[in-house]
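>>> Quick one: sequence and predicted model below, then my questions.
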Amino acid sequence: MILSTAQGCGKFGAMLATGLARSGVAFAIAASITACGDKTPPERPWFREVTEEVGLDAAVPRWPDGTRALPEIMGAGVGLFDYDRDGDLDILQLRFPPPNEPTSAAADRLWRQEDGGRFVDVTGGAGLGDGYAQGLAMGDVDNDGDVDVFVANVGSDVLFLNNADGSFSPVHEGPGADERWSSAATFCDYDLDGDLDLYVAGYLRYEFRGSCTNAAGEPDYCAPSLFDGVTDRLYRNDGEARFTDVTLAAGLIPPDDGRSAKGLGVVCADFTGDRRPDFYVANDGEPNQLWVNRGDGRFVDEGIMRGAAVNGNGAPEASMGIAVGDLDRDGSFDLFVTHVRAESNTLYVSAPGGMFTDRTTDWRLGQADLDATGFGCVFLDFDHDADLDLALVNGRVYRGVAGKGARLGDYWNLYAEPNSLLSNDGAGRFVERPVSAGAFADHVEISRGLALGDLDNDGDLDLVVSNTGDGLRVFRNEAPASGSHWLQVRALTGSRDALASRVTIVAGSERWTGLVLRGHSYQSSHDPRVHFGLGGITRIDGVEIEWADGATEWFAITEVDRLWTLVQGSGEPR
Amino acid sequence: MSRRIAATAACLLCIVACSNGEPEIPVPDLEAVEPDVREAVETAVAAVRANPASAEAWGRLGDRYRAQQWWFYAANCYVTAERLEPSNFLWPYRRAKALQYHDPAAAAESFTRAVEIDPDYAPARLHFGEALIALGEPALARGQLEAAASLDPASATPVLRLGQLALGDGDQETARALLERALELDSSDGRIHVALSQVLLALGETELASKYAEAGRRTLKKPTVSDPRGAVSVPVTGSWGLARSGRSLMTEGRVEEAVPVLQESVRLHPDRFAARLNLGLALMTLQRPAEAEEHLRHAVWLNPAHATARSAFGGALLSRGAADEAVEHLRMALRLDPEDVRSHVLLGQALVVRGDANGVRELERAVAAARAAGEESMAAFAERWLRERRR
């Protein structure tokens, strides 16, 4: 065999190349090439931390040592929404009580963004929950023009209706009546009847009195495999926020050979091209599910045969967060799923029609973050260069060596990891950008939720991270975008965001497709405005929207570098 | 990435550094580990100290670390073992195995040397191929996998991997042929069913694809590849490892051998749920319900929402005629897992034993459910039991 491309750089690269040459076996080690062969210009940080600057608590009090009860390591998410309809995003920070007081109340915190970009804690009087929060769904369930909130808890979940006066009212019937460990949730009009339904992913049946150790005999968190899963729930909205549990009727029951799956992430979109919203569920240690909407109120899990349930080796993985985006710009949505360390995160690339292929290594993601445990993740075009980049947050669930630079105390340092930013090189590969990540990757913490939105309405996307230990960090996007252009679309059906609708920008032969999506990443909810980086494109031909109900309209708008609000029914039918 | 590269570089640099002097023995922080594990590590370290020029001693220390999943410590020891004994296949091979899922690039580098020393060991070719797949080098992987398939024509896994590569390339016809061949070699490997379902769907054979997908879902467990030269040479220690070994023995049908292993795990860590449950299940299989009851009772106490623990405990109680208590636990098991036909049958039996008016009807329903689920032997057993009881 002939030695191919083991060039590497520096001393290590030379040693490696020598070793390979001596062996006579040729292979290119992607890791070394990616790490040292990069010839991009010097980087500067793209994200700056503004947590304190915008009025949030930057210094979080030391979180008490854990008790190794599983819920305390799974974290809680964060949501971005304009709850007061004043045109800017506010923050809902989910919380759970400290490990040493697991039954105490921990109120979810509502931060209102005021003029000037500062956030003010308006939790008092907002009427939101104080359970053991995990994930959330946001959407206008009663079609009254404001955003309502569903909070998934360890224990009873709660739906809160927005009273449009700065407060919320819990709905005591319907979703959340049973005591379960729910993890993630999403609103989506699956039956296309004009109101938002609700999918709630269930995680584990957890009432544990035992204790676990790892392979070395050190005390550690138990593996989820010790526990049975909890069936996911689908609630149909029968109008005016009255919900009916249709889980059984919809066919979302465990497969007949085993127990319920262990869901941690869920997204809703049409993944099969039949213009009906489907649900994709990330399961912990078990095959992911792609619940394909049959259009008659029933769903069939086709995840395995469509290639989105297990990785290319046929192995189920510990799936947590989900990112969705049209990475290869073929008009269909690809899925990126985060996993525990020693399992690569997996990129399932979709072909039109809904067949997925594991393209993790093709996109050079096989080794990125292999030594980290990924949770929240988002696709976004940080730098407006017209392709989707990737941000993900990390933190172990099993102890390791204390993270270098971690300052969480002896107990939590064993679980702390830095976050990651990977940029798309435009040629079908991701490249790690530790410098560009700036402050986003500086902190070595236990991060879980990651929410995406244009907090300062300047056209680019900012990031909000939730950490175990009640911490929240805000990162402002300051990526150089000179000469690059952007566009945002807010797609509305009536007065609510048209969740699960597809938005396509057309500029000559170029097309970019995005999705109106609040629920993705890990236990988090996002800015529903669809963002596009356009590179050097200064003018577009128009925008095509395939609404969630299947209708398609064309909007002949041409101006870029602005937000367009497009309402269903006001475009040209196609 | 950078952290892994640094670790790999440290390993390689160690070869250089160690060649100039006495190699440093890598020892992890043992403060929080179980006493048995600490003792085993200290013994292996002492053996290296006593004979630092012994590749065997370094290799055994590497194996000890690998058994306890200290992967990078293990890898470092194998590096020294290889330096001391460069012609021994075991050291680069075991280093590669230690790093395969943690640092595929470093693993591939060691696999390269291992197959250079012994090109005829099929598992090395297979795992090397898998590492190359993880590195995004399918063409090179194919060569190793073809070698593995040729060296061990009875093994389905290399053929499966080749089929998966063809599937990734979009070459459905080749993928189908390979996967069908793999299935002939091992029809119990769910991964083959899964890949075949994807190929068939792409080829438009939806119904057949669906059948394979369902079969794959039922059997989606990674089969063990026999790899005697890659296995750790030291006995497993610590409650976690023992619990895992016990479960593996049970999976292999070696239930009697599993019992003492699981008992030792329980002795070391009485609140280890997995060990308690599996020990209870093993003892039930061996018709020793009285002993099983104690462990299953503890398992239910530890993890009261676990359906299998409840069901097995109900079975143990029923064995000694404690029907009332058995009914309580079996009803809970069915609430937790309504589809579990075993709990259903046991509940029917328990109701019959305690003389419930609807006990027989309940058992007959359970028998029908078992039969519908393909559990013919369970259904037949329950029918036989009922007939004998009626007599």
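Yes, it's here.
>>> Extract the CA atoms of stretch A:513-520 and return them as PDB.
Included here for stretch A:513-520 are C-alpha records, laid out as PDB according to Å, rounded to 0.1, in the frame of the first residue of the first chain:
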ATOM      1  CA  THR A 513     -34.500  26.100   3.400                       C
ATOM      2  CA  GLY A 514     -35.200  26.700   7.100                       C
ATOM      3  CA  LEU A 515     -37.800  25.600   9.500                       C
ATOM      4  CA  VAL A 516     -40.100  27.500  11.800                       C
ATOM      5  CA  LEU A 517     -39.100  25.600  14.900                       C
ATOM      6  CA  ARG A 518     -39.200  26.500  18.600                       C
ATOM      7  CA  GLY A 519     -38.500  23.000  20.100                       C
ATOM      8  CA  HIS A 520     -35.100  21.500  19.400                       C
END
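>>> So which bits of the stretch 251-391 of chain B are right by chain A?
For the stretch 251-391 of chain B, the contact set with chain A under Cβ under 8 Å from any Cβ of the partner chain comprises B:269, B:271-274, B:301-307, B:336-337, B:339, B:373. Where C-beta positions appear, they are placed from N, C-alpha and C, glycine not excepted.
>>> Quick check: A:F299 touching A:L252?
Yes: proximity of A:F299 to A:L252 meets the contact threshold set by Cβ atoms under 8 Å, at 6.1 Å.
>>> thinking again about what came up before, mark which of the residues of the stretch 251-391 of chain B next to chain A are buried, thanks.
By the neighbour-count criterion of 16 or more other Cβ atoms under 10 Å in any protein chain shown, those include these buried positions: B:269, B:271-274, B:302-307, B:336-337, B:339, B:373.
>>> check contacts around A:A551.
A:A551 makes contacts with A:568, A:573, as judged by Cβ atoms under 8 Å, 6 or more residues apart in numbering or on different chains.
>>> picking that back up, any common contacting residues for A:F299 and A:L252?
A:234, A:291.
>>> Pull the contacting residues for residue 279.
Defaulting to chain A. The neighbours of A:F279, taking Cβ under 8 Å, 6+ apart as the test, are A:186, A:188, A:190, A:199, A:266-268, A:289-291, A:293, A:299.
>>> oops, I was thinking of chain B
If a contact means Cβ under 8 Å, 6+ apart, then B:L279 has B:246, B:259, B:262-263, B:265-266, B:292, B:295 as its contacts.
>>> Quick check: next helix or strand after the host helix or strand of B:I192?
Using DSSP states H and E, B:I192 sits within helix B:190-202. Scanning forward in sequence from helix B:190-202 by DSSP H and E, the next helix or strand is helix B:206-218.
>>> quick one: low-confidence parts of the chain?
Defaulting to chain A. Per-residue confidence for chain A (pLDDT under 70) gives these ranges: A:1-43, A:176-178, A:254-259.
>>> that's the wrong chain, I wanted chain B
Flagging of chain B using pLDDT under 70 yields the residue ranges B:1-21, B:222.
>>> make it 80
Across chain B, the stretches falling below the confidence threshold (pLDDT under 80) are B:1-22, B:221-224, B:391.
>>> tell me the centre residue of it?
Against the mean C-alpha coordinate of chain B, by Cα atoms, centre = their mean, the closest residue is B:S248 at 6.4 Å.
>>> Distance of that residue relative to A:G494?
Remark: distance between B:S248 and A:G494 (Cβ to Cβ, to the nearest Å) = 58 Å.
>>> do B:E22 as well
With distances defined as Cβ to Cβ, the gap from B:E22 to A:G494 amounts to 77 Å.
>>> out of those two, which sits in the more crowded spot?
Ranked by neighbour count (other Cβ atoms under 10 Å in any protein chain shown), B:E22 and A:G494 place A:G494 first, with 14 against 8.
>>> Now that one: closest residue in space, sequence neighbours ignored.
The shortest distance from A:G494 to any residue other than its chain neighbours is 6.1 Å, reached at A:N143 (Cβ to Cβ, 6 or more residues apart in numbering or on different chains).
>>> TSV please, covering the contacts of B:L279 and showing distance to A:G229 and neighbour count.
Compiled in TSV, these are given as follows (distance: Cβ to Cβ, whole Å; neighbours: other Cβ atoms under 10 Å in any protein chain shown):
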residue	distance to A:G229	neighbour count
B:G246	24	28
B:V259	29	21
B:L262	25	30
B:Q263	29	18
B:S265	25	27
B:V266	26	21
B:A292	25	24
B:H295	24	26
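>>> for the contacts of A:F279, which one is nearest B:Q144?
Compare each of these with B:Q144 using Cβ to Cβ and the shortest gap goes to A:L290, at 32.2 Å.
>>> Looks to me like the closest one is in a helix.
No: according to DSSP: H, G, I helix; E, B strand; the rest coil, the state of A:L290 is strand, so it is not within a helix.
>>> What sits closest to it if chain neighbours are left out?
Excluding its sequence neighbours, the residue lying closest to A:L290 (Cβ to Cβ, 6+ apart) is A:G303, at 3.8 Å.
>>> Against chain B, how distant is the closest residue in space to A:E302 that isn't next to it in sequence?
When the adjacent residues along the chain are set aside, A:E302 lies closest to A:V292, with 4.7 Å between them (Cβ to Cβ, 6+ apart). A:V292 sits 11 Å away from chain B, going by Cβ to the nearest Cβ, to the nearest Å.
>>> so A:V292 sits right up against A:I304, yeah?
No: taking Cβ under 8 Å as the contact criterion, A:V292 and A:I304 are not neighbours in contact, 11.7 Å apart.
>>> If you count surrounding residues, which of those two has more?
It is A:I304, of A:V292 and A:I304, that has more neighbours when counted by other Cβ under 10 Å, with 31 against 22.
>>> can you tell me which residues contact the residue in the stretch 1-150 of chain B that chain A sits nearest to?
Using Cβ to the nearest Cβ, the point where the stretch 1-150 of chain B gets nearest to chain A is B:E34, with a distance of 2.8 Å. Each residue near B:E34 by Cβ under 8 Å, 6+ apart is listed here: A:213, A:216-218, B:238-239, B:268-269.
>>> Filter those residues down to just the ones in helices.
Counting by DSSP state H, the contacts of B:E34 place B:239, B:268 in helices.
>>> what's the burial count for A:P573?
Counted with other Cβ under 10 Å, the neighbours of A:P573 add up to 8.
>>> Would you map the helices across the stretch 151-300 of chain B?
In the stretch 151-300 of chain B, the segments counted as helices under DSSP state H, counting those that start in this stretch are B:156-169, B:172-185, B:190-202, B:206-218, B:239-251, B:255-268, B:273-285, B:289-302.
>>> okay, those helices in TSV with distance to A:W554 next?
Formatted as TSV, the entries for the helices of the stretch 151-300 of chain B read as follows, by distance: least, Cβ to Cβ, whole Å:
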stretch	distance to A:W554
helix B:156-169	37
helix B:172-185	36
helix B:190-202	32
helix B:206-218	34
helix B:239-251	59
helix B:255-268	66
helix B:273-285	59
helix B:289-302	61
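>>> Compare the ones you listed and report which one is nearest to B:S54.
Taking Cβ to Cβ as the measure, those were each checked against B:S54, and helix B:239-251 came out nearest at 24.7 Å.
>>> could you say what helices and strands that closest one packs with?
Contacting helix B:239-251 under the criterion 3 or more Cβ pairs under 8 Å, 6 or more residues apart in numbering or on different chains; DSSP states H and E are the following elements: strand A:212-213, helix B:255-268, helix B:273-285.
>>> Out of those, which one sits most buried?
Taking mean count of other Cβ atoms under 10 Å in any protein chain shown as the contact definition, the stretch among those with the greatest mean neighbour count is helix B:273-285, which reaches a mean of 25.
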